[in-house]
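Chemist: A structural model of the following input is requested.
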Amino acid sequence: MAEVPSAPHPELLALRTRIDTVDRELLDLLNRRARLALEVGEVKKREGSVAFRPEREAQVIDGLKAVNPGPLKSDSVAPIWREIMSACRALEAPTRVAYLGPAGTFSELAALGFFGSSITQVLCTSIDEVFRATSAGAADFGVVPVENSTEGVVARSLDLFLTTPLHIVGETSLFVRHNLLRRDNSLDGIQAVVAHPQALAQCHGWLSNHLPNVERRPVSSNAEGARMASHDPSLAAIASDRAGSEYGLHILAPAIQDDPHNRTRFAIVAHPHRQPTPQASGHDCTSLVVSVTNRPGAVHDMLVPLKEHGVSMTRFESRPARSGQWEYYFYIDLQGHPDQPAVATAMAALRKVCAYFKVLGTYPVDVH
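Modeler: Numbering: from 1, shown residues only. Coordinates of the predicted model:
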């Protein structure tokens, strides 16, 4: 005979009643905020301005974290308010976001983390397609990986910045936890591990120790590998918890990445004719790609203006120019916004010593 559960303690009942009251007050406040957002949307339509301003959202979150008295942790503020702002923004206009699919990729997690879940998802089969969809107007924004803390830059993304008109309007970084997934709950009989090439490289040590004789097969995305593994019992995939749930796979081994602090940085891209450069938020990054003539001291001369004007460089990467003459493009991240006099002066001086100079974007740095 089933045991009859005891009645909740009166004190617990009283606390639940108070929580219910607060929840209703929160709902009322959220609807008041939504009505204000609709009014803002009407003003923006009359002015012809855009619905999404990443610098404004960064300022809102920073301001709330600064006055947060607790016990709610400040790290919880950003994801909560991103969802609130996402839902309110969706009342103004649907936000179409392109990223590497299928469902369950880390790019999807990055997109939902940055924009919130109230978006129209545009799933793409490659990074190239993300750039094409956003350039053509099939999506308002694209989300593309640009750098991993273990494997370095995502070369394809950097190369596409040279050949497309898109600029960076935001960034987000994601803790990347790779899991070995499979239909069968056993390592026996695995013939191939399928995953994105970056994921295979990030899990090289674990795979060499535990599956040394198993083929490593690169595919377009980790989620695509999970989808394939859901249909073929001879395959195992490397992907996120979300992908495992999406495709009904067992987690054979959790967190198999070689670096326990593995993170991937994503750029939020848009067409400059549809989404203007964000205004200064107070904690900004300006990304450039430049090249210099192949002569002694050229790279040194390129960096001198930054030192002279006190502008910090937070990233410096080189990529072959593919001209056949051993020339390189240099990808540089500067701390600050061109609206700041020192940054503007340093960029003007840098432009003068470069054979090629392109601003990839100015945007608020990642808000955790």
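Chemist: list the contacts of Ser281.
Modeler: Ser281 is in contact with 54-55, 58-59, 62, 337, 364, counting by C-beta atoms under 8 Å, 6 or more residues apart in numbering. C-beta: built from backbone N, CA, C; applies to glycine.
Chemist: sorry, slip of the keys, the one I care about is Glu25.
Modeler: Counting by C-beta under 8 Å, 6+ apart, Glu25 makes contact with nothing.
Chemist: any idea of the pLDDT on it?
Modeler: As predicted, Glu25 sits at a pLDDT of 97.
Chemist: and the helix or strand hosting it, which residues are buried?
Modeler: When elements are assigned from DSSP states H and E, Glu25 belongs to helix 10-47. Under the neighbour-count criterion of 16 or more other C-beta atoms under 10 Å, helix 10-47 has 37, 40-41 buried.
Chemist: spatially nearest residue to Ala34 (excluding sequence neighbours)?
Modeler: Distances taken as C-beta to C-beta, 6 or more residues apart in numbering put Cys88 closest to Ala34, at 5.2 Å, once the chain neighbours are dropped.
Chemist: just checking, Asn262 touches Ser149?
Modeler: Yes: between Asn262 and Ser149 there is a contact at 5.8 Å, judged by C-beta atoms under 8 Å.
Chemist: more crowded one of the two?
Modeler: Asn262 (20 against 15; other C-beta atoms under 10 Å).
Chemist: any stretches of the stretch 251-368 of the chain with poor pLDDT?
Modeler: Scanning the stretch 251-368 of the chain for pLDDT under 70 picks out 322-326, 367-368.
Chemist: go again with 90.
Modeler: The stretch 251-368 of the chain contains residues with pLDDT under 90 at 259-262, 281-282, 292-303, 317-328, 355, 366-368.
Chemist: what does the stretch 51-200 of the chain give?
Modeler: Judged by pLDDT under 90, the stretches of the stretch 51-200 of the chain that qualify are 51-59, 62, 70, 74-75, 78, 91-94, 101-106, 148-155, 174-176, 198.
Chemist: any idea how far Arg24 is from the residue nearest to Ala34?
Modeler: Separation of Cys88 from Arg24 (C-beta to C-beta, to the nearest Å) stands at 19 Å.
Chemist: and for Arg96?
Modeler: For Arg96, the distance to Arg24 equals 33 Å [C-beta to C-beta].
Chemist: repeat for Gly297
Modeler: Distance, Gly297 to Arg24, by C-beta to C-beta: 68 Å.
Chemist: circling back: thought the residue nearest to Ala34 was touching Asn31?
Modeler: No: if you go by C-beta under 8 Å, Cys88 and Asn31 don't touch, sitting 10.1 Å apart.
Chemist: re the thing from before, mind checking how far the helix holding Glu25 is from the chain centre?
Modeler: The chain centroid and the centroid of helix 10-47 are separated by 28 Å, computed with C-alpha atoms, centre = their mean, to the nearest Å.
Chemist: what packs against the next helix or strand after it?
Modeler: Next along the chain after helix 10-47, taking DSSP H and E as the criterion, comes helix 54-67. Applying 3 or more C-beta pairs under 8 Å, 6 or more residues apart in numbering; DSSP states H and E, one finds that helix 54-67 makes contact with helix 74-92, strand 356-364.
Chemist: of all these, which one is nearest Leu235?
Modeler: In terms of C-beta to C-beta, the element of the helices and strands packed on helix 54-67 nearest to Leu235 is helix 74-92, at 33.3 Å.
Chemist: now do the closest one against helix 10-47, angle only.
Modeler: Helix 74-92 and helix 10-47 are oriented at 50 degrees to each other (axes from the mean of the first three to the mean of the last three C-alpha atoms, to 10 degrees).
Chemist: relative to helix 54-67, how tilted is helix 74-92?
Modeler: Using the same axes, to 10 degrees: helix 74-92 against helix 54-67 is 140 degrees.
Chemist: what's next to the next helix or strand after helix 74-92, contact-wise?
Modeler: Sequence-wise, the next helix or strand downstream of helix 74-92 (DSSP H and E) is strand 96-100. Outside strand 96-100, the residues that touch it by C-beta under 8 Å, 6+ apart are 105, 107-108, 110-111, 115, 119-127, 129-130, 133-134, 138-145, 220-221.
Chemist: sorry, back to before: just curious, which of the buried residues of helix 10-47 is nearest to Gly310?
Modeler: Gly310 lies nearest to Val40 out of the buried residues of helix 10-47, by C-beta to C-beta, at 37.3 Å.
Chemist: excluding chain neighbours, give the residue nearest to Ser245 in space.
Modeler: Ser245 sits nearest to Gly104 (C-beta to C-beta, 6+ apart), 7.8 Å away.
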